[in-house]
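S.K.: need a 3D model of the sequence below.
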Amino acid sequence: MMEGREDSDVIEQQVEDNTENSSRSLVSPAGGGRGPCSSSQRLLNYSDALISIIATVMILPVAHTKMEDDELRQSFQLLLTTKIAVYLMTFLIVTVAWAAHIRLFQVIVYVDDCLALLNLACMMIITFLPYTFSLMASFPDNGLGLLLFCGSVMIIGLIQSGIVLYAFSRPVLLSDQIQMSENRSSYKHHILKVIMRVPIMCFFASVISFVFFQLSYALLAVVVFLPYISQGVKWCRSKAIGHVDESPDAMLFSSFLPSEALSKERVEAFSDGVYAIVATLLILDICEDNVPDPTAVKKTFGGSLVAALQVYGPQYLAYFGSFATVGLLWFVHHSLFLHVTRTTRLMGLLNTFSLAFVGGLPLAYQLTQEFPRNSRNELEAVQISCVIVFFAGIFQLSIFVVALFSQQETLHPHVRHGGREHVFMLAKLALYPCVALTTFVLTCFLTKFSASIFHLMEVTVPLAFLVLRLSVRLGLAALRHVFCPEALGRQSVLEDVVEDNVPFNT
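M.R.: Residues are numbered from 1 along each chain as shown. Now for the predicted structure:
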């Protein structure tokens with residue numbers, strides 16, 4: 001009886017604690033009757049998912065481009081080149097908006113109903129951006145699409161400024177560091193100044209579009225590299241006039257500087273969203289284009305659905321190969337960031353470029369299954385697909401190379417230069433660029449077998465990943481045995497010491 005009473009007391013205490021914690025999450029963190037509010041984490045997750053979808057679906061106008069000319073080369077030069085360039089620019093601008101949104105909610109750590117509604121209004125305008133991109137890509141000589149895009153970005157900046165003003169009018173929504181800061185007003189002005197940089201650039205781009213709208217595209221491209229341009233100006237100024245003393249709150253300001261790197265977790269979450277959406281877009285194309293018409297099945301194939309589906313065999317092969325490519329690129333990305341302890345801003349920029357080319361994989365899928373076999377169009381489509389896969393992989397490899405320059409701060413000891421996983425990680429990251437480049441070269445000589453070579457590459461790469469670790473292990477063991485057999489014992493002891501003393505991904 002006593003044990004049952006003690007158990008019931010423990011359960012009642014746990015229920016009271018859970019109720020208290022739940023009610024605590026629904027009230028203002030500072031109390032004082034400020035109204036209900038909650039953590040901004042769920043709002044941030046929702047916004048991350050939405051922005052990653054918007055950034056990825058902008059490839060659809062490019063992937064669904066209809067080739068009107070007889071030669072793919074002419075269509076690619078006249079139409080696809082423009083669309084791909086505009087896609088890359090708008091993808092990068094959307095990621096800049098996502099990074100600004102992340103930094104904004106590093107400052108605002110609690111949200112109430114009004115703030116959540118303001119964020120929804122901001123997300124609504126962001127979801128309109130793919131339509132403006134479609135206009136820009138379909139009518140590159142007409143400035144209306146550019147005006148709508150710039151107008152949408154300016155409205156987003158105004159809404160974000162409203163979020164900042166509202167949050168600073170209710171300090172309980174802000175982080176503890178800002179609440180305790182004596183220069184809260186200076187911090188507010190600093191954030192507003194940073195937020196309004198991109199809308200002001202878009203305003204000038206929209207004005208210039210009435211005179212020479214090609215220059216407006218160049219001005220929008222500057223938006224992507226504005227943090228790096230700002231850092232370069234500061235460096236030149238420091239070399240010219242010497243070091244300038246910063247204000248006491250300079251360290252606080254660093255949480256909302258475009259030049260500061262985002263956290264590794266946010267970069268991983270956004271990247272996972274892009275990879276997942278790209279993989280989903282592939283099956284959407286299959287569901288839309290490769291379901292036979294019931295009337296045609298009855299008339300042409302005598303009611304045999306199996307015979308009708310056999311016609312779509314190349315499309316199914318292209319789909320499975322493209323899905324495997326997306327999945328394995330994600331696997332390489334996951335393996336890399338599993339060993340990354342901190343990201344730098346250059347690593348974040350390279351990751352954005354890699355994601356932009358990963359977003360182009362639906363275009364590669366469309367091209368590789370659209371044209372007749374053994375035609376010149378098919379050859380050029382395969383080569384374009386190889387280029388997309390190559391750049392998606394080479395930027396991933398560049399992330400690792402950049403991380404090696406500051407490996408003490410950015411990488412786990414296992415993958416640093418000389419670590420036991422270093423060679424394996426390097427080989428894993430270099431696999432796709434090397435295979436894509438080799439496939440491109442082979443298609444230049446074996447033009448009649450270009451599609452077969454490309455599909456063979458897609459099928460064999462997964463098997464290569466399975467045997468890669470074994471090959472690297474055997475190769476390193478053979479080299480150690482030949483050149484330094486006396487170091488084998490010391491190496492095994494050293495690895496055991498590292499495993500015991502260094503926590504993984506610390």
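S.K.: now Glu421: how far from His339?
M.R.: According to Cβ to Cβ, to the nearest Å, Glu421 and His339 sit 7 Å apart. In short, each C-beta sits where N, CA and C put it, glycine included.
S.K.: what's the overlap in contacts for the two?
M.R.: His414, Val415 (Cβ atoms under 8 Å, 6 or more residues apart in numbering).
S.K.: which of these two has more neighbours?
M.R.: Each of Glu421 and His339 has its neighbours counted (other Cβ atoms under 10 Å); His339 has more, 21 against 18.
S.K.: list the contacts for the more buried one?
M.R.: Contacts were defined as Cβ under 8 Å, 6+ apart; by that measure His339 touches Leu411, His412, His414, Val415, Glu421, Met425, Asn505.
S.K.: try 10 Å
M.R.: Residues near His339 by Cβ atoms under 10 Å, 6 or more residues apart in numbering: 400, 403, 410-416, 419, 421-422, 425, 504-505.
S.K.: try Val461
M.R.: Shown in contact with Val461 (Cβ under 10 Å, 6+ apart): Gly321, Ala324, Thr325, Leu328, Val389, Leu431, Tyr432, Val435, Ala436, Thr439, Leu468.
S.K.: which strands and helices sit next to the strand or helix carrying the fifth one?
M.R.: Secondary structure here is read from DSSP states H and E; on that basis Val389 sits in helix 376-405. Using 3 or more Cβ pairs under 10 Å, 6 or more residues apart in numbering; DSSP states H and E as the contact test, the elements touching helix 376-405 are helix 72-75, helix 313-338, helix 345-358, helix 361-368, helix 407-410, helix 422-445, helix 450-483.
S.K.: what residues does the fifth one touch?
M.R.: By that I understand helix 407-410. 261, 264, 339-344, 347, 399-400, 402-404, 413, 415-419, 422.
S.K.: please check those residues and keep the buried ones.
M.R.: In the contacts of helix 407-410, burial by neighbour count holds for 261, 264, 339-341, 343-344, 347, 399-400, 402-403, 413, 415-416, 419, 422, counting by 16 or more other Cβ atoms under 10 Å.
S.K.: roughly how far apart are Phe212 and Leu43?
M.R.: Applying Cβ to Cβ to Phe212 and Leu43 gives a distance of 41 Å.
S.K.: more neighbours, those two?
M.R.: Higher neighbour count among Phe212 and Leu43: Leu43, with 19 against 10, using other Cβ under 10 Å.
S.K.: isn't that one right up against Asp113?
M.R.: No: counting by Cβ atoms under 10 Å, Leu43 does not reach Asp113; the two are 11.4 Å apart.
S.K.: and this protein, what are its domains?
M.R.: 29-256, 264-501 (automatic domain parsing).
S.K.: re earlier: closest to Thr90 among the contacts of Val461?
M.R.: Val389 (21.6 Å; Cβ to Cβ).
S.K.: what residues are up against the residue lying closest to that closest one once chain neighbours are set aside?
M.R.: Take Val389 and drop its neighbours on the chain: the residue closest to it by Cβ to Cβ, 6 or more residues apart in numbering is Ala436, 4.3 Å away. Ala436 makes contact with 325, 385-394, 454, 457, 461, according to Cβ under 10 Å, 6+ apart.
S.K.: against Met425, how distant is Ala436?
M.R.: Distance, Ala436 to Met425, by Cβ to Cβ: 19 Å.
S.K.: do Arg416 as well
M.R.: Applying Cβ to Cβ to Arg416 and Met425 gives a distance of 10 Å.
S.K.: how about Val211?
M.R.: From Val211 over to Met425 (counting by Cβ to Cβ), the distance is 50 Å.
S.K.: show me which of the two is the more surrounded one.
M.R.: Higher neighbour count among Val211 and Met425: Met425, with 23 against 9, using other Cβ under 10 Å.
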